[in-house]
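Asks: model the structure of this input:
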Amino acid sequence: SVSISGRSLSLSVSSSVRSASLSSASPLPQLSGQLIIGGFSGAKPAPAPPLSGSVSRSRRSLPSSVAAAVGNDTTAFRGVLSSVRLNGDTPLLLGPVPAGLIDSLPTAVSADNSTEVTTGARTESVCVAFTPCQNGGNCSDVFYNSYSCNCTAGWRGRNCSDRDLCHPSAGSCPNGTQCVNLDGSGGFECRAAATFGSNLQSPPSSSQLILSASSLNESLATVTGWARTRQSDCQLLSVSSGGRQLTVGCSSGQLQAGLDNQTALVAVGIATGLPFTFSVNCSAGSPLSLQVSVNSSDSVSVSSKSALATDLLLDSAAKVTLGGVKFKGCLDNVRLNGRLAPLANRSLLPSGAVGFEWASESVSAPMIGCHGDQVCQTTVNERAENVCQNSGRCTDLWNKFECSCTDGFYGDTCSAKLGATASVSTAVIIAVSVVGLVIIISVVAVLLFKYVQNRRKESGTYGPSKAESRSNAHAQAQPPVRPPPEERLI
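Replies: Numbers count the residues shown, from 1 in each chain. From the prediction side, this is the model:
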């Protein structure tokens, strides 16, 4: 919908509430003259084959103001128009209309001249007119005025004109990797995740992979990748060149990047076993920046305090270390300046092809694919047994396990018995109670004895000796002599 009001020209597309408006510096002129729909004189023919039996286009000259606004490379419209109205109520009849129909539609406006206008929505056979599919591809017409090509083996692309380097017959990538054609470069990539330090193979898979950029000579600007680990402190990768080193790793469970004493630490926990993506920008003149997104959630980014002085050179002398000493986890889609660093065994990958600018310096390679360790089984006397004891059920949480214990057992491995624990606890409680009671009784007895002694000393009670008691055994007590009563005068 196009509308003009005063100086404003507005355009609304589709039925959504999206519009674009344009205001001119001076009022728009009053529109008059011809309304041209579709093509006009001076426009190039539409990029499609002409309709069978159609007449040539008319070449009507344009007003000078319109001609100045239209470029020489403007193409005529080719498509379908429907329900065109002027000022909201006036329908425009675009095709040839019988005179009787025009008389019955007094509010309609019919075209004075129409060329190559057909009633109805019709498509054209692009396959017949153009034969666009090359190298034996099978063409199918698609509504509206389009086509699709079903390419033969070894070819791909819109018109089957590009080599399919990932066709199974090409044998480009080793098993376990995904071959991806690189549009525009004529090359391909062998993509695969890798597990470092896995116990699923014997000996355990390598914890690091060292590559050299054999045919590159450019400044390192970006490093991106995908990772998964439960380690709180580790090294995911490093790039060494000219005595300098860029490192990306985990510190206390958080992701950190460092270069030239500049660090960027994202306060997001990554040692959870959940996948996360990272992006490092290390261009000279800008701060070292690090961006992290955990489990496809919202990303968090931080930057160092100061800008980097010089670029880190990525050339044949540079060393790229994927993983690190004792690193345990997965890496995938690691790219330096957008170039994929292969994680598969380099000896199995092609050489000299576009997309393979790396040479491997590692003796062993990590395990292809992202795999967690075998955590629910342990080996006892050369036999695999469930890590959860007493019929407990083990749940593999990727490099971590959790036991669901049966009734009567508990603990990380269901090794503790609830009944035995209760008996021991009861015996301990009884023993402690008895000892405490004996101590209380003893203390009370001592205090009572001391109290009785103190009371006797305070009252002065006389106790005769044994000799005195024997000599006076038969003595009779004499009545005491009382003084005469005192006389008183009354």
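
Asks: let me know the secondary structure of Phe439.
Replies: Actually, residue 439 is Ile. It isn't Phe. Applying DSSP: H, G, I helix; E, B strand; the rest coil to Ile439 yields a three-state assignment of helix.

Asks: so what's the residue count around it?
Replies: Neighbour count of Ile439, defined by other Cβ atoms under 10 Å: 10. In short, each C-beta sits where N, CA and C put it, glycine included.

Asks: equivalent analysis for Leu437, please.
Replies: Leu437 has 10 nearby residues by other Cβ under 10 Å.

Asks: what of Gly100?
Replies: Neighbours around Gly100, by other Cβ under 10 Å: 7.

Asks: any chance you could map the helices in the stretch 101-250 of the chain?
Replies: Along the stretch 101-250 of the chain, counting by DSSP state H, counting those that start in this stretch, helices occupy 126-130.

Asks: which residues are in contact with Arg156?
Replies: By Cβ atoms under 8 Å, 6 or more residues apart in numbering, Arg156 lies in contact with 162-164, 181.

Asks: hey, what's it bridged with?
Replies: On the basis of DSSP bridges, Arg156 is bridged to Asp162.

Asks: quick one: low-confidence parts of the stretch 301-450 of the chain?
Replies: Scanning the stretch 301-450 of the chain for pLDDT under 70 picks out 346, 351-355, 363, 419-427.

Asks: distance of the most centrally placed residue in the chain relative to Pro132?
Replies: Centroid-nearest residue in the chain, with Cα atoms, centre = their mean: Ser296, separated by 2.8 Å. Distance from Ser296 to Pro132, counting by Cβ to Cβ, to the nearest Å: 38 Å.

Asks: go on, Pro106?
Replies: Shown here: Pro106 relative to Pro132, a distance of 47 Å by Cβ to Cβ.

Asks: which of these two has more neighbours?
Replies: Set Pro106 next to Pro132 and count neighbours by other Cβ under 10 Å: Pro132 wins out with 16 against 6.

Asks: domain-wise, how is this structure divided?
Replies: With automatic domain parsing as the criterion, the domains of the chain are listed as 33-122, 126-164, 193-368, 377-418.

Asks: could you pull out the buried residues of the shortest one?
Replies: So that's domain 126-164. Buried residues in domain 126-164, counted by 16 or more other Cβ atoms under 10 Å: 126-127, 129, 132-135, 137, 139, 141, 145, 147, 149, 151, 155-157, 159-160, 162, 164.

Asks: what's the helix or strand for Phe278?
Replies: strand 276-281 (DSSP states H and E).

Asks: I should have written Val302 there, sorry.
Replies: Following DSSP H and E, one finds Val302 within strand 300-307.

Asks: now the element after that strand, going C-ward?
Replies: Counting by DSSP H and E, the next helix or strand C-terminal to strand 300-307 is strand 312-314.

Asks: JSON lines for the domains of the chain, including distance to Ile429?
Replies: Putting the domains of the chain into JSON lines (distance: least, Cβ to Cβ, whole Å) gives the following:
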{"stretch": "domain 33-122", "distance to Ile429": "90"}
{"stretch": "domain 126-164", "distance to Ile429": "78"}
{"stretch": "domain 193-368", "distance to Ile429": "41"}
{"stretch": "domain 377-418", "distance to Ile429": "16"}
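
Asks: out of those domains, which comes closest to Leu447?
Replies: For these, the distance to Leu447 is smallest for domain 377-418, at 43.4 Å, taking Cβ to Cβ.

Asks: from one end of the closest one to the other, what's the distance?
Replies: End-to-end span of domain 377-418 (Cα to Cα, to the nearest Å): 24 Å.

Asks: got the CA positions of stretch 165-175 in CSV?
Replies: Extracted in CSV, the C-alpha atoms of stretch 165-175 (Å, rounded to 0.1, in the frame of the first residue of the first chain):
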residue,chain,number,x,y,z
LEU,A,165,33.7,-32.7,-3.5
CYS,A,166,31.7,-34.4,-0.7
HIS,A,167,30.0,-37.0,-2.8
PRO,A,168,30.6,-40.5,-1.4
SER,A,169,32.5,-41.5,-4.5
ALA,A,170,35.0,-38.8,-3.9
GLY,A,171,36.1,-40.3,-0.6
SER,A,172,37.2,-36.8,0.6
CYS,A,173,36.8,-37.2,4.4
PRO,A,174,37.6,-40.1,6.8
ASN,A,175,34.8,-42.0,8.7
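
Asks: pLDDT of that stretch, averaged?
Replies: Mean pLDDT, computed over stretch 165-175, is 83.

Asks: ok, and what's touching that stretch?
Replies: Here stretch 165-175 makes contact (Cβ under 8 Å, 6+ apart) with 153-154, 164, 179-181, 186-188, 190, 344-345, 348-350.
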